[in-house]
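Student: got a sequence here, can you build the structure:
(one chain, ligands or ions: 1)
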Amino acid sequence: AQKPVTVTVTGAGGQIGYALLFRIASGAMLGPQTPVRLRLLEIPAGLKSAEGSALELQDCAFPALESVEVTDDPARGFDGANVALLVGARPRGPGMERSDLLKANGAIFGPQGAAINAHAAEDVKVLVVGNPANTNALIASAHAPDVPPERFNAMTRLDHNRALAQLAQVLDVPVASISNVTIWGNHSATQVPDISHGILTGPDGTQGSLVGALAKAIGSAQDMAQWFATTFIPRVAQRGAEIIEVRGSSSAASAAAAAIDHVHDWVLGTGSSWTSAAVVSDGSYGVPRGLVSSFPVTSQQGSWHIEQQLEMGADVRERLEVSVNELVEEREMVRSLGLI
Ligand code: NAX
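Tutor: Sure thing, here's the model as predicted:
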């Protein structure tokens, strides 16, 4: 029998939590054979909702679900955690400045980082979903000096998946036939979708350039470039706003699916293509060391590796600089607020 894995979900009583818990418990994240012990961490106001989910989880009779515990005590919530999904965060309220937002989230992610440091399993892997995700990951990591910074990620997989889906739609091909697409930088409006290395695999297995296929579908290389800058990038970067407008509330099931994909690939490995994840920078591609920024990554044996030596066009380079500057500013701000 496989060793049970303890998975902690913060904000478990929220809407992403509700979409996430059942998929974790069904085995979608770690495989159906891996027994899961769930810890649902909430604040007092969210406890009832999380307790309701715990009852429903029981009613699903998932074979892989060993136990569910609901708590508002971070020490208990992170006790023995092998995987921690930090979903609960403070949303931006009306009239809230960025510094207020960072401060409010620092008050959540600082103590949670410290609790992870003190109580989580030695191999803990942390994925921050709650926004501003990259900087929240930086804050949590700064409060967990005994956990290697590589184990604190922020989620850009939803942006990555949105990009794949949009491309598949334009080309009228299956999503799985598109690979090596990247989201660089911050999970924010400045994120940098990059299709320049994209590969399209045909039904017969032949591989060709994604950009070439798009140019053909759209008309010309010039029209393609125009479409990419004025239609595709805003579509992907502003998809969250579009969902809010249509659905009446923010993305939940798709965010949960992306978190499942992220942890699945981190723990069990990526296939032949790379994916996108915000990981601590080692200085690659000029992203200052220590920032949590999105890169093209593969995972082997439970560790991410940043794809090296990809050629970067001037356009991607310029956009990435803007996004990285935003991350640097956020880091400066949380430093001056004493949050890291
Ligand atoms: P909800 O407001 O539905 O749920 C948040 C839950 O977190 C609430 O139940 C609340 O009680 C709980 N919570 C707050 N502070 C907590 C703390 N200190 N400890 C434990 N629990 C706490 O929000 P939801 O729609 O689920 O979104 C959660 C977060 O995901 C937001 O910050 C949101 O911005 C972010 N998102 C991130 C995405 C990404 O791609 N990285 C996409 C989706 C989503 O917008």
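Student: interface residues of the stretch 151-300 of the chain facing the ligand?
Tutor: With CB under 6 Å from any ligand atom as the criterion, the stretch 151-300 of the chain meets the ligand at residues M155, L158, H187, S250, S251, A252, A255. Glycine gets a C-beta too; all of them are placed from N, C-alpha and C.
Student: quick one: those as CSV, columns for neighbour count and pLDDT too.
Tutor: Listed next are those as CSV, based on neighbours: other CB atoms under 10 Å; pLDDT from 0 to 100:
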residue, neighbour count, pLDDT
M155, 29, 98
L158, 24, 98
H187, 30, 97
S250, 15, 94
S251, 20, 95
A252, 17, 97
A255, 22, 98
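Student: could you work out the most separated pair of the residues you listed?
Tutor: Farthest apart among those by CB to CB are H187 and A252. That separation is 16.2 Å.
Student: related to what we said a few turns ago, output the residues of the stretch 151-300 of the chain next to the ligand in CSV, with distance to I116 and secondary structure appended to each entry.
Tutor: Formatted as CSV, these follow (distance: CB to CB, whole Å; DSSP: H, G, I helix; E, B strand; the rest coil):
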residue, distance to I116, secondary structure
M155, 17, coil
L158, 23, helix
H187, 20, coil
S250, 26, coil
S251, 26, coil
A252, 24, coil
A255, 21, helix
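Student: the closest residue in space to D159 that isn't next to it in sequence: what secondary structure?
Tutor: Nearest non-adjacent residue to D159, counting by CB to CB, 6 or more residues apart in numbering: I183, 4.5 Å away. Three-state call for I183 (DSSP: H, G, I helix; E, B strand; the rest coil): strand.
Student: beta-bridge partners for I183, please?
Tutor: Here I183 shows beta-bridge partners P193, assigned using DSSP bridges.
Student: what about it, how many neighbours?
Tutor: Residues near I183, counting by other CB atoms under 10 Å, number 28.
Student: just the pLDDT at it, thanks.
Tutor: Per-residue pLDDT puts I183 at 98.
Student: do the same with the one 3 residues further on
Tutor: In this prediction, N186 carries a pLDDT score of 98.
Student: list the contacts of it.
Tutor: Taking CB atoms under 8 Å, 6 or more residues apart in numbering as the criterion, N186 is in contact with P132, N134, A278, S293, S294, S323, V324, E326, L327, E330.
Student: quick check: buried residues in the host helix or strand of G110?
Tutor: Element membership of G110, judged by DSSP states H and E, is helix 98-119. By neighbour count on 16 or more other CB atoms under 10 Å, the buried set for helix 98-119 is 101-106, 108-110, 112-117, 119.
Student: ok, and which of the residues you listed reach the ligand?
Tutor: Taking CB under 6 Å from any ligand atom as the test, the ligand is in contact with I108 out of those.
Student: out of the buried residues of helix 98-119, flag the one nearest to the ligand.
Tutor: Using CB to the nearest ligand atom, I108 comes nearest to the ligand of the buried residues of helix 98-119, at 4.1 Å.
Student: so what's the closest one up against?
Tutor: By CB under 8 Å, 6+ apart, I108 lies in contact with G88, A89, R90, G130, N136.
Student: thinking again about what came up before, give me the subset of the contacts of N186 lying in strands.
Tutor: Judged by DSSP state E, those include A278, S293, S294 as members of strands.
Student: out of those, who's nearest the ligand?
Tutor: Closest approach between those and the ligand, by CB to the nearest ligand atom: A278, at 8.7 Å.
Student: specify the beta-bridge partners of that closest one.
Tutor: Going by DSSP bridges, A278 forms beta bridges with A154, S294.
Student: what's the neighbour count on it?
Tutor: Residues near A278, counting by other CB under 10 Å, number 32.
Student: pLDDT score for it?
Tutor: A278 carries a pLDDT score of 99 in this model.
Student: which residues touch it?
Tutor: Counted by CB under 8 Å, 6+ apart, A278 has contacts 133-134, 137, 153-156, 186-187, 292-295.
Student: what do you get for C60?
Tutor: Contacts of C60 (CB under 8 Å, 6+ apart): F22, A25, S26.
Student: Serialize those residues to CSV and add fields for secondary structure, pLDDT and distance to the ligand.
Tutor: Listed next are the contacts of C60 as CSV, based on DSSP: H, G, I helix; E, B strand; the rest coil; pLDDT from 0 to 100; distance: CB to the nearest ligand atom, whole Å:
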residue, secondary structure, pLDDT, distance to the ligand
F22, helix, 98, 14
A25, helix, 98, 17
S26, helix, 98, 19
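Student: for D59, see how far away the residue of the chain found nearest the ligand is.
Tutor: Going by CB to the nearest ligand atom, the ligand is nearest to G14 of the chain, at 1.9 Å. Distance of G14 to D59, computed by CB to CB, to the nearest Å: 20 Å.
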